[in-house]
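**Q** Quick one: sequence plus predicted model below, questions after.
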Amino acid sequence: MGPGLVAGVKLIHLARRSSLTGNLAALTGALASLTLATFLVARAGGPAAVGDYALLRIMPWLLAVLVSGGLASATAYFLAGPTRDDPHVRTTILAMATAAAVPALVLWVAASPLLQSVFFRDLTTMLVAWAGLKTVSRLLVISAKAASQGTGDLPGSNWVIFLEELLFIPCFGVAWALGLRGGGAVIASLIASDVITAIVAWRRLLRRGYLTGARRPSLALARQIYLFGLRGQAGNVMTLVNLRLDFMILALFAGPAVVGVYAIASKFAELLRLLPTAFYWVLYPSFAKQGTSDAWKRAAWLLPRAAAGTAAAALPLGLLAGPVLPFVYGSAFKAAVVPGQVLLVGLCVEGASGVVTAYLFGRGRPGLNSLAAMGGVVVTVVLDVLLIPRFGLMGAAVASTAAYLTTTTLLITCFLSVRPSNRQPVIEAGDAVRPGAWRRLIDILASGAALALLSPLLLMVWVAARLSTCASGIYRQVRVGEGGVPFTMLKFRSMRPGGSGPEVTARGDARVTRLGSFLRATSIDELPQLINIVRGDMTLVGARPETIGLAARYPRDLQQVFRYRPGLTGPAQLFYRWSDALDSAADIEDLYLTVQVPLRVPMDLEYLTRPTFRRTVALIAATAANVLAHLAPRPRMLSAQSTGQ
């Protein structure tokens, strides 16, 4: 049994012991209903009708989310998290949902001529305007669904998930029986199914005592909910853009028929998203109730298993695409097969995204989720514009695949960056001085992107280091971090294990392998520290992290450098040259501490006390130029290296 299958079995076992079972069943039922609904629309109106159906499901919902300030994404946190006992929360959420309905409808109706001319060219402007009622019905449904989730009524939220897709089918049948056809039947059925679902959902909430003990809405609380929702909404909208921008660009360049074919490919590939969606829905309120350390450990345990589960399911789905899509939807949809298989590649590790998104929202960090989604949007926008006009369906599939993988990578990066720590200082340097928000943003974006782009190189170097040293390819050593707190720094192993020597490595050290010399000269040995940067142990620009033994021997007035987060690069590393005297010194450590450190630390402190954006970017650029000029030997720069590495 392979590791992916083992992980899948474990996840299924976990689902049987939790609410995941019910949510997966609801999602599966909803997807089956959506598939049947799409089939009926396709058979009744062809690809153009499917294109209208896909866009009319998405665009009113998007407007409702924007106008409400991401209310649905914030609801579960405020109902399950620290404010769960506040008697104003429930009425405030209901009032916010009601208040957002009017402006959402007005905006849609006002924009209907533009929407008709750009996206719905086969519908009349009047029909498009009537579709604005779906913004109101969507607000009623999504607020009820989120309220059920946040109050612990997961079975109730599962019914909403199922009914909002299922009820379209009988409503569509009634519409046809009444003589409605084409877009009119689709619009009427979408609105009617939402209204019925909202009535069922809110009736259940009220019968379960949703408003029992509730007090009047609070404006101050509404402001908190709105701001939280805005931080999360950006990520939700960007996630939707990742999923659906290609639909809109295809509609612009190729028309509804091509959008209809792509909608089938996309929906088939998104079968893979059932598990990550279930993880997000069930774990979000659970993480909100847990302590920080317990929540992080639980998420860290689930993350690789969820990714392995979706990866294991991707291959059989890809094989099924060829025979299934044309058989179910007709020969006109044969062109959806290959794009669907390409999209599966991008979604194959989506399980990790579901766990991380639930954790970030549950711990009150929706902004980090938005930050990760932003990276995916950048890839989506650039590649959609470049590829869709030239390659059509395949261009859209390739662009989305790249965006999905980028977003997942950045989400994992953000997750690692918020790992809780309870370590105590080993050097009494004073209060820690954290990097500013913009420096942290640069750290996450640059390091996350570098890890994604350099992953093939990192794998090859790890294998080569392992073979050349006959030991683990990654060397771990405890160094002094921000505020004198220790952390484990990562490097590619460049020395043979077991040797002894000083904690400062001079040129020509016999412990360094031939490959290790090359890795040090090009700074490739330090690339694993990008992971340290993502975790928040290090930053891109700062003083190099010192070993505990050497740090304890620093002159007292220079130990203040350990208040700051250590860096991958910095002024002293770039501009202070290695002294030849160190190579022949009888006591290299003593000479390093008495001569080199008093010269190096002031250079770093001068930057750390004034880390302007311009200086930071300039130092990063200088470091990049130095690395690219890989023939320039690394030992020419001062580098306090650890024993054996």
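**A** Perfect, I can see it now.
**Q** any idea which helix or strand carries Arg84?
**A** Secondary structure assigned from DSSP states H and E places Arg84 in neither a helix nor a strand.
**Q** Could you pull up the residues touching it?
**A** Contact analysis of Arg84 by C-beta atoms under 8 Å, 6 or more residues apart in numbering lists Phe78. Using the backbone N, CA and C atoms, a C-beta is placed for each residue, glycine as well.
**Q** Now Gln424: closest residue in space, sequence neighbours ignored.
**A** Take Gln424 and drop its neighbours on the chain: the residue closest to it by C-beta to C-beta, 6 or more residues apart in numbering is Val485, 7.0 Å away.
**Q** Can you name the residues that contact the one you found?
**A** Counting by C-beta under 8 Å, 6+ apart, Val485 touches Ser421, Arg423, Gln424, Pro425, Val426, Ala432.
**Q** Look up how far Pro486 lies from the third one.
**A** Yep, that's Gln424 we're talking about. For Gln424, the distance to Pro486 equals 9 Å [C-beta to C-beta, to the nearest Å].
**Q** ok, back up a step: can you put the contacts of Val485 in JSON lines and add pLDDT?
**A** Below are the contacts of Val485 laid out as JSON lines (pLDDT from 0 to 100):
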{"residue": "Ser421", "pLDDT": "69"}
{"residue": "Arg423", "pLDDT": "73"}
{"residue": "Gln424", "pLDDT": "82"}
{"residue": "Pro425", "pLDDT": "87"}
{"residue": "Val426", "pLDDT": "88"}
{"residue": "Ala432", "pLDDT": "85"}
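**Q** Redo these as CSV? Include distance to Pro170.
**A** Converted to CSV, the contacts of Val485 look like this (distance: C-beta to C-beta, whole Å):
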residue, distance to Pro170
Ser421, 54
Arg423, 59
Gln424, 63
Pro425, 66
Val426, 68
Ala432, 61
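**Q** now the residues you listed: which count as buried?
**A** Pro425, Val426 (16 or more other C-beta atoms under 10 Å).
**Q** got the buried residues for stretch 37-49?
**A** Buried residues in stretch 37-49, defined by neighbour count with 16+ other C-beta under 10 Å: Ala37, Thr38, Phe39, Leu40, Val41, Ala42, Gly45, Pro47, Ala48, Ala49.
**Q** mean confidence for it?
**A** The pLDDT scores in stretch 37-49 average 83.
**Q** show me where pLDDT drops low in the chain?
**A** For the chain, the stretches with pLDDT under 70 are 1-18, 234-248, 250-256, 421-422, 498-510, 577-586, 630-645.
**Q** Now for the spatially most central residue of the chain: which residues touch it?
**A** When C-alpha atoms, centre = their mean is applied to the chain, the residue found nearest the centroid is Leu411 (2.8 Å). Leu411 is in contact with Ala352, Ser353, Val356, Thr357, Leu360, Asn369, Ala372, counting by C-beta under 8 Å, 6+ apart.
**Q** doesn't Leu272 make contact with Ala313?
**A** Yes - here Ala313 reaches Leu272: they are 6.0 Å apart, a contact under C-beta atoms under 8 Å.
**Q** nearest to Gly549, of the buried residues of stretch 37-49?
**A** Closest approach between these and Gly549, by C-beta to C-beta: Thr38, at 65.6 Å.
**Q** Show me the contact partners of stretch 102-120.
**A** Contact partners of stretch 102-120, identified using C-beta under 8 Å, 6+ apart, comprise 52, 55, 59-60, 63-64, 67-68, 123-125, 127-129, 131-133, 135-136, 139, 183, 248, 251-252.
**Q** Any buried residues in it, and which?
**A** Ala104, Leu105, Leu107, Trp108, Val109, Ala111, Ser112, Leu115, Gln116, Phe119, Phe120.
**Q** Now tabulate those residues in CSV and tack on distance to Ile196 and secondary structure.
**A** CSV is the format used below for the buried residues of stretch 102-120 (distance: C-beta to C-beta, whole Å; DSSP: H, G, I helix; E, B strand; the rest coil):
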residue, distance to Ile196, secondary structure
Ala104, 20, helix
Leu105, 19, helix
Leu107, 25, helix
Trp108, 21, helix
Val109, 23, helix
Ala111, 27, helix
Ser112, 25, helix
Leu115, 25, helix
Gln116, 27, helix
Phe119, 26, coil
Phe120, 25, coil
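**Q** Right, I'll leave it there.
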